[in-house]
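Attaching a predicted model along with its sequence, questions to come.
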Amino acid sequence: MKNILIINKNPQDTERTTALALLLAGTTNAKLYFLNTSVTPTHSYVAEMSIAGSDKSLPERPVSKNRWIEQLQRKFHLQTGLKTLVGFIENIHFVSDNVAAIVRKFNIGLLIKGIPENADQEPPVIESDALSCSAKSGCPVLLVPEQFPYKSLEKIVYATDLRYCRQGVIHFLSKLAINFNASVLIANIAAKGLPFMENNHALDVFKDTIVRPASHDHFYFSNIWERDIPKAIDVLVNDMDTDLLVLVNHRYHFNELFGPAVPYLLPGYIHIPVLIFPS
């Protein structure tokens, strides 16, 4: 897997997101970069570290604001034994052009952004900037609710219309499933205005377009007949104890879940990370 970039706007709201990012990077043997955006831009620099045993000399950098990350990384290494190389990218405006440049320079393949809870108990807002950065860079973005309990990824659900299921998404999920030994359920939900797919036909399409190219046993299939998209997703997420929900931005059920336009809101029944691929 390519490297991972976590967007760190508010350190107080990022610990569980960081824990999941460390797990993803350590399990997939990727490098984890932190984009610290909570400071006034002056000049940019990158500092690297490896708590897990690197003896290389490191460039000087202010460490106080990143100390909590280093402490969390040490704790993560003691608990899991996984070695994660971490880099800090400082003093960069959080705008899509800058993030796209970082993605190209540091070979980033995944963005991660925490979703803080609203103090007034309203549904959490999915920041449009995170989706814009994903669209501009071409990277999927993993949105992590801050109340998500840190855990491994064992059950992944990709909600899509099978007729438009993307091979790029399947390829990404295939690598993720292999690394985590996870199952991936392709939940075929007919896009709005399109007819249902008969079970036998849907299964044939699944076998021809997904299972054979993926060439492993991590993928499963379910033909969903429920037309109420929020209700269908609620069942898939909660009744099936799913760990990760996968969608494509502005395609096949995204807007029916999060709203027709910004600000997009995370429904209360979705309490797990959501991996969103750019359209």
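Structure received. Residues are numbered from 1 along each chain as shown.

Tell me which residues touch Ile229, please.
With contacts defined as CB atoms under 8 Å, 6 or more residues apart in numbering, Ile229 is in contact with Ile189, His253, Glu256, Leu257. Backbone N, C-alpha and C define where each C-beta goes, glycine included.

give me that answer again for 10 Å
When contacts are counted by CB atoms under 10 Å, 6 or more residues apart in numbering, Ile229 is found next to Ala159, Ile189, Ala191, Lys192, Tyr252, His253, Phe254, Asn255, Glu256, Leu257.

next one: Ile210
Ile210 makes contact with Tyr158, Leu162, Cys165, Gln167, Ile170, Leu173, Ser174, Val184, Ile186, Phe219, Tyr220, Phe221 under the criterion CB under 10 Å, 6+ apart.

How about the secondary structure of it?
Judged by DSSP: H, G, I helix; E, B strand; the rest coil, the three-state class of Ile210 is helix.

That one and Glu117: what is the separation?
36 Å (CB to CB, to the nearest Å).

out of the contacts of Ile210, which are buried?
Neighbour counting with 16 or more other CB atoms under 10 Å marks Tyr158, Leu162, Cys165, Ile170, Leu173, Ser174, Val184, Ile186, Phe219, Phe221 as buried within the contacts of Ile210.

Serialize those to JSON lines and add fields for secondary structure.
Listed next are the buried ones among the contacts of Ile210 as JSON lines, based on three-state DSSP:
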{"residue": "Tyr158", "secondary structure": "strand"}
{"residue": "Leu162", "secondary structure": "helix"}
{"residue": "Cys165", "secondary structure": "coil"}
{"residue": "Ile170", "secondary structure": "helix"}
{"residue": "Leu173", "secondary structure": "helix"}
{"residue": "Ser174", "secondary structure": "helix"}
{"residue": "Val184", "secondary structure": "strand"}
{"residue": "Ile186", "secondary structure": "strand"}
{"residue": "Phe219", "secondary structure": "strand"}
{"residue": "Phe221", "secondary structure": "strand"}
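
which of these sit farthest apart?
In the buried ones among the contacts of Ile210, the most distant members under the criterion CB to CB are Leu162 and Ser174, with 16.3 Å between them.

quick one: low-confidence parts of the chain?
Counting by pLDDT under 70, the chain contains low-confidence ranges at 10-13, 38-65, 119-121, 211-216.

what ranges do the helices span in it?
Secondary structure of the chain, counting by DSSP state H: helices at 15-28, 67-80, 96-105, 128-137, 167-180, 199-206, 212-214, 229-234, 254-258.

Present these as CSV; the columns should include distance to Pro149.
Output for the helices of the chain, formatted as CSV (distance: least, CB to CB, whole Å):
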stretch, distance to Pro149
helix 15-28, 7
helix 67-80, 14
helix 96-105, 28
helix 128-137, 22
helix 167-180, 16
helix 199-206, 32
helix 212-214, 29
helix 229-234, 19
helix 254-258, 22
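
if we can go back for a sec, and which of the contacts of Ile210 is nearest to Asn8?
Each of the contacts of Ile210 was checked against Asn8 using CB to CB; the closest is Leu173, at 25.5 Å.

show me the contacts for the closest one.
Applying CB under 10 Å, 6+ apart, we find Leu173 in contact with 140, 156, 158, 182, 184, 186, 210, 214, 218-219, 244, 246, 275, 277.

Kindly report the same for Ala190.
Residues touching Ala190, when contacts are defined by CB under 10 Å, 6+ apart, comprise 161-163, 196-197, 202, 223-227, 252-253.

From the residues you listed, list just the buried residues.
Buried members of the contacts of Ala190, counted by 16+ other CB under 10 Å: Asp161, Leu162, Met197, Ala202, Asn223, Ile224, Tyr252, His253.

Can you give me the separation between the fifth one and Ile270?
Here the criterion is CB to CB. By it, Asn223 lies 22 Å from Ile270.
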